[in-house]
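> For reference, the sequence and a predicted model appear below.
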Amino acid sequence: MKRFKYLWPVLVLLLVALYFLWRGVGGSKPREAEVRKEAPKAGNRPVEIFFTRSDDDPERALVSFINSANRYVHVAIFELELERVVNALIDAKHRGVDVKVVMDDRMKRKWAAKKLKAAGIPIVFDNRKPYMHNKFVVVDGKAVWSGSMNFKESSVYRNDNNAFIIFSPQVAENYEREFQEMFAQHLFGPDSPRNTHCCFKVADVYLENYFAPEDSVARRIVDILHNSRKSIRFAAFSFTDDDIGKAMVEAKRRGVEVVGVVEARGVRNKGSEYRRLKRAGIPVFKDGNPYILHDKYIIVDDSIVITGSYNFSRSARKRNDENVVIFFKRWIAGEYLRDFGRILKEAKGE
């Protein structure tokens, strides 16, 4: 019987190891202990994805989203020049919807800001050299629009961008809290407090939501890259974050397939990670769009997508106002993989 005395501890350790393997601990998994769960709503898909330069027509979708508002539309936007979107906001105001806007101060003298103000829509500008770089819309505390797409013609019809709607009161509450920090309290950049939730389950979709610079976004991205097992694919407008670049190089060295496309005009910028990645043997290409590759997304292991307004840059990390969503869902990753395939083919000239 003595020999069984030493067998029990081994069996316990084995069971514990199998449990954690099954749960999938590590940076590449959702932080489930902190997840706020939300019941699915009949007939609604929890997330909708849109890509520019495609048949998705994100401008029409955005206007429709604004038109759906009954109580309020709160907008935080870096650049606004789409007339249909401006008119939709004014129409919402006229039908009694509470419309408020936060903009980067670069928009102060633009026609859109003047037209909104003339319609009685209040606007708060950040009045800082760093950017208020968000592109999100919260409607009625029920859903939020975000992504990399600015609300201007070139962003929708010429540049490469992505956008998404999350149908979730809890996620909308997160964005509304961030909006009110900027609109009501005039807190931007490093002054923004860390007071939002990170982790959600909307129907069957796990996702994480972060705001920069207060939420240490780069650290979470690096965690996920460090735990990648098979593949990393990325499309990047600006890529100057050393830690993210280093994490991709380390992933390549341990056998992960890493492939990327970066905006051609930025590869020579000071601090660009393009050369580091090339030296490490990573196939990284200058984009083939004659306009701008403005996406900022990373797809990990064909099942995780990191996206939002957040460039992989030092400015996004430390100074700008930004937001990020990380989706842990294979069908969402599949949508981004199809878009990445198109961008990669263009970059290769195929």
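Nice, thanks for sending it over.
> Quick check: phi and psi on residue 202?
Main-chain dihedrals, residue 202, degrees, to the nearest 10: phi -110, psi 110.
> Tell me the gap between stretch 53-64 and the middle of its chain.
Remark: stretch 53-64 is offset 18 Å from the chain centroid, using Cα atoms, centre = their mean, to the nearest Å.
> Show me what that stretch is in contact with.
The contact list for stretch 53-64, computed with Cβ atoms under 8 Å, 6 or more residues apart in numbering, reads 48-52, 82, 84-85, 88, 137, 145, 149, 151, 156-161, 163, 165, 289, 339. Heads up, the C-betas are built off the backbone N, CA and C, glycines and all.
> switch to 7 Å and redo it
Here stretch 53-64 makes contact (Cβ atoms under 7 Å, 6 or more residues apart in numbering) with 50, 52, 82, 84-85, 88, 145, 149, 156, 160, 163.
> Likewise for stretch 218-235?
Taking Cβ under 7 Å, 6+ apart as the rule, stretch 218-235 contacts 26-28, 160, 210, 241, 243-244, 247-248, 251, 256-261, 293, 295, 297-302, 304, 306, 317, 340, 343.
> what about it, start to end distance?
With Cα to Cα, to the nearest Å as the measure, stretch 218-235 spans 16 Å from end to end.
> list the buried ones in it?
218, 220-225, 227-228, 231-235 (16 or more other Cβ atoms under 10 Å).
> Residue 212 versus residue 312, what's the distance?
Distance, residue 312 to residue 212, using Cβ to Cβ, to the nearest Å: 11 Å.
> beta partners for the residue minimising distance to the centre of the chain?
Centroid-nearest residue in the chain: residue 308, 1.8 Å away (criterion: Cα atoms, centre = their mean). In this entry, residue 308 is beta-bridged to residue 324, by DSSP bridges.
> What distance do you get for it to residue 290?
Counting by Cβ to Cβ - residue 308 and residue 290 are separated by 25 Å.
> Kindly report the same for residue 230.
Shown here: residue 230 relative to residue 290, a distance of 33 Å by Cβ to Cβ.
> With residue 195 instead?
Distance, residue 195 to residue 290, by Cβ to Cβ: 42 Å.
> cool, residue 178 as well?
The gap separating residue 178 from residue 290 is 35 Å, by Cβ to Cβ.
> how about the helix or strand containing residue 75: buried residues?
Secondary structure assignment for residue 75, by DSSP states H and E: strand 72-77. By 16+ other Cβ under 10 Å, the buried positions in strand 72-77 come out as 73-77.
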